[in-house]
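**Student:** fold the following for me, if possible:
(one chain, ligands or ions: 2)
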Amino acid sequence: MNITLIGSGYVGLVTGTCFAELGNQVVCLDVDKRKIDLLNSGGVPIYEPGLQELIARNAAAGRLRFTTDVQDAVAHGDVLFIAVGTPPDEDGSADLKHVLAVARDIGRWMQGFKIVVNKSTVPVGTADKVAQAISAELEARGHSPNQAGPQDGNIPSFAVVSNPEFLKEGAAVEDFMRPDRIVIGVPGSEAGNRAREAMRVLYAPFNRNHDRTYFMDVRSAEFTKYAANSMLASRISFMNELANLAEQVGADIEMVRHGIGSDPRIGFNFLYAGVGFGGSCFPKDIQALIKIGQEHNSRLRILEAVNEVNDRQKLVLTDKIIRRFGDSLKGRHFALWGLAFKPNTDDMREAPSRAIIKALVERGATICAYDPIATEVAKQCLAQDFAAAPELLKAITYSDSHFEALNSADALVIVTDWKSFKSPDFSEVKARLSEPLLFDGRNLYEPEAMAELGIEYYGIGRSNGHQESLT
Ligand SMILES: NC(=O)c1ccc[n+]([C@@H]2O[C@H](COP(=O)([O-])OP(=O)(O)OC[C@H]3O[C@@H](n4cnc5c(N)ncnc54)[C@H](O)[C@@H]3O)[C@@H](O)[C@H]2O)c1
Ligand SMILES: O=c1ccn([C@@H]2O[C@H](COP(=O)(O)OP(=O)(O)O[C@H]3O[C@H](CO)[C@@H](O)[C@H](O)[C@H]3O)[C@@H](O)[C@H]2O)c(=O)[nH]1
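**Tutor:** Ligands and ions are numbered 1, 2, ... in the order given. Predicted structure coming up:
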């Protein structure tokens, strides 16, 4: 099948590359010329395990190409995927300007029948707005907008489908290639039926052993995406709130996690307490759903609390550091392991490390940070965060080695749960730190083991270690 991805970021690039891997002819379009030039010269603008090799293989095989030419890209695809950003507007609602700009581009250039598939995360009702924007452009071209029936020849007609994406960064290729489910919302029309059949064929390779596709109406599909992210984020904030209470009552949240996760009705996934959730999805999607609720006079109190708990949780580790050292951290130096919002990515959007670094540096501390992948992206993000006080940026240095970052630090602060942090040589850690002190924002280690090693250890919601001395 001929497929076009409009928007070549995390979702567009991964989706396009994976469809090419399955034998489709794929064009990835982006307005960002630097991104397309980089892709055309063999580079990859994001870090995602396995992606670089897949892109190289499919580009070499002639199944995957990159362009900034809208007319060419729209002409190529029988199926046109919209995979552009839907960032939060000032009031928290999803900003649809990129999605609607793409819809207008499609309307401006399309010929014949096109299946327009929205993969961006969007509020319920967006497919209707996309259809209206395409129709308005067709009318301007002198065509009567027609979404109704199967057409022949070059008379433009279309169906707008919702196909939300559920991949996780850091595991995007794996998630896309082995989806738990494929949600497809199709309109109830003849064009919709045609789109449904095309989507069934396109996704057939994912359904060989059992059918993972859930066909539904468009609005339910749009809503499903927000519902999934809200549920997952709620679990995390719930566990973080319980973790903070566990410290007060002398319970250990890791024991509690095992105890409740073993109930199949609850399950183990997304129950890890930590320094809060970040990334480009949970924070913005929860804001957007809260806003949708407000607009429909249906306040979402649980989600309001999920956000509030998360904002607070990003500073829980800093609070522990302040309780240990006092409010002024002047003259204190910390090693910080992990900048990205989660492992296996260089994405720094809403990363808890940004809030933690800001809080420490504003209190006079200096920091040496290490991240296996995200350092360069982090430098740019932190420069923005400290734009109003650029002199504070000097307090942050970076190391290429997680051990060197420890040199002469008053404590090690762990923010991201990269695998390579899980079993460090603790004798080396102790030898390099000026005192054996560890603040673990991801509960990577056991308090008892740390005590045996002579390391003063503070986790999130851990009963033993030294929590009592902080309360
Ligand atoms: N990142 C994820 O893990 C993830 C997962 C599932 C869903 N989503 C959703 O998918 C959408 C895209 O997210 P992303 O992380 O890939 O965003 P991104 O910012 O990485 O990529 C979006 C790309 O779209 C391009 N773009 C913007 N306007 C354009 C236009 N008019 N024509 C062509 N290209 C244009 C941008 O230049 C950018 O390269 C969002 O709605 C997001 O919520 C993201
Ligand atoms: O038990 C957990 C699980 C995750 N996190 C944090 O939650 C955030 C999000 O993690 P994750 O969901 O793994 O990454 P994302 O790439 O943001 O993926 C989410 O957002 C995507 C965009 O909508 C969806 O497609 C995915 O299904 C959804 O998991 C990160 O900061 C994690 O550290 C926790 O604190 N505890």
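
**Student:** list the contacts of residue 195.
**Tutor:** 115, 159, 161, 186-187 (Cβ atoms under 8 Å, 6 or more residues apart in numbering). In this view, the C-beta of every residue, glycine as well, is placed from N, C-alpha and C.

**Student:** residue 73 reaches residue 3, doesn't it?
**Tutor:** No: taking contacts as Cβ atoms under 8 Å, residue 73 lies outside contact range of residue 3: 10.3 Å.

**Student:** overlap of the contact sets of those two?
**Tutor:** residue 27.

**Student:** just for this structure, where's the confidence low?
**Tutor:** 145-153, 464-471 (pLDDT under 70).

**Student:** need the contact list for residue 29.
**Tutor:** Counting by Cβ under 8 Å, 6+ apart, residue 29 makes contact with 4-8, 66-70, 73.

**Student:** if I look at the closest residue in space to it that isn't next to it in sequence, how far off is residue 129?
**Tutor:** Computed as Cβ to Cβ, 6 or more residues apart in numbering, the closest residue to residue 29 that is not its neighbour in sequence is residue 73, at 3.8 Å. Per Cβ to Cβ, to the nearest Å, residue 73 is found 21 Å from residue 129.

**Student:** compare those two (neighbour count), which wins?
**Tutor:** Per other Cβ atoms under 10 Å, whichever of residue 73 and residue 129 has more neighbours is residue 73, with 23 against 16.

**Student:** assign the more buried one to helix, strand or coil.
**Tutor:** At residue 73 the chain is in helix, as set by DSSP: H, G, I helix; E, B strand; the rest coil.

**Student:** before we move on, what about residue 176?
**Tutor:** With three-state DSSP as the criterion, residue 176 reads helix.

**Student:** from residue 450, how far off is the closest residue to residue 456 other than its chain neighbours?
**Tutor:** When the adjacent residues along the chain are set aside, residue 456 lies closest to residue 437, with 4.7 Å between them (Cβ to Cβ, 6+ apart). For residue 437, the distance to residue 450 (Cβ to Cβ) stands at 10 Å.

**Student:** need the residues of the stretch 251-400 of the chain near ligand 1, please.
**Tutor:** 280-281 (Cβ under 6 Å from any ligand atom).

**Student:** so which residues of the stretch 251-400 of the chain form helices?
**Tutor:** 253-261, 282-295, 301-313, 316-325, 352-362, 375-385 (DSSP state H, counting those that start in this stretch).

**Student:** quick one: residues in contact with stretch 279-294.
**Tutor:** By Cβ under 8 Å, 6+ apart, stretch 279-294 touches 10, 85-88, 91-94, 121, 123-124, 169, 225-226, 229-230, 232-233, 236, 277, 299-300, 303-304, 306-307, 310, 341-342, 347, 349-351.

**Student:** please apply the same query to stretch 43-61.
**Tutor:** Taking Cβ under 8 Å, 6+ apart as the rule, stretch 43-61 contacts 8-10, 13-14, 17-18, 20-21, 26, 35, 38-39, 42, 64-65, 169-174, 344-347, 373-374.

**Student:** hang on, the earlier thing: so what's the residue nearest to residue 29 up against?
**Tutor:** 4, 6, 27, 29, 67.

**Student:** run through those residues and flag the ones next to ligand 1.
**Tutor:** Okay, of the contacts of residue 73 touching ligand 1 (Cβ under 6 Å from any ligand atom), that's 6, 29.

**Student:** picking up where we left off before, now, the contacts of residue 195 that are in helices?
**Tutor:** Nothing among these maps onto helices, per DSSP state H.

**Student:** which of those residues count as buried?
**Tutor:** Listed as buried from the contacts of residue 195 are 115, 159, 161, 186-187; burial here means 16 or more other Cβ atoms under 10 Å.

**Student:** and of those residues, the nearest to ligand 2?
**Tutor:** If you rank the buried ones among the contacts of residue 195 by distance to ligand 2 using Cβ to the nearest ligand atom, residue 161 comes first, at 17.8 Å.

**Student:** my read: the closest one touches residue 184, true?
**Tutor:** Yes: counting by Cβ under 8 Å, residue 184 is a contact partner of residue 161 at 6.4 Å.

**Student:** shared neighbours, these two?
**Tutor:** Joint contacts of residue 161 and residue 184 (Cβ under 8 Å, 6+ apart) are residue 199.

**Student:** what's the end-to-end length of stretch 368-376?
**Tutor:** In stretch 368-376, first residue to last residue: 14 Å (Cα to Cα, to the nearest Å).

**Student:** let me fix that, I meant to ask about stretch 210-228.
**Tutor:** Start to finish, the residues bounding stretch 210-228 are 22 Å apart (Cα to Cα).

**Student:** pull out the buried residues from that stretch.
**Tutor:** Residues 213, 216, 218-219, 221-226, 228 are the ones in stretch 210-228 that count as buried (16+ other Cβ under 10 Å).

**Student:** select from the contacts of residue 73 the one having the most neighbours.
**Tutor:** For the contacts of residue 73, the largest number of neighbours (other Cβ under 10 Å) sits with residue 6, at 31 neighbours.

**Student:** any idea what that residue is bridged to?
**Tutor:** Assessed by DSSP bridges, residue 6 has beta-bridge partners residue 29, residue 82.

**Student:** ok, it touching residue 104?
**Tutor:** No: contact criterion Cβ under 8 Å: residue 6 and residue 104 do not qualify, at 11.5 Å.
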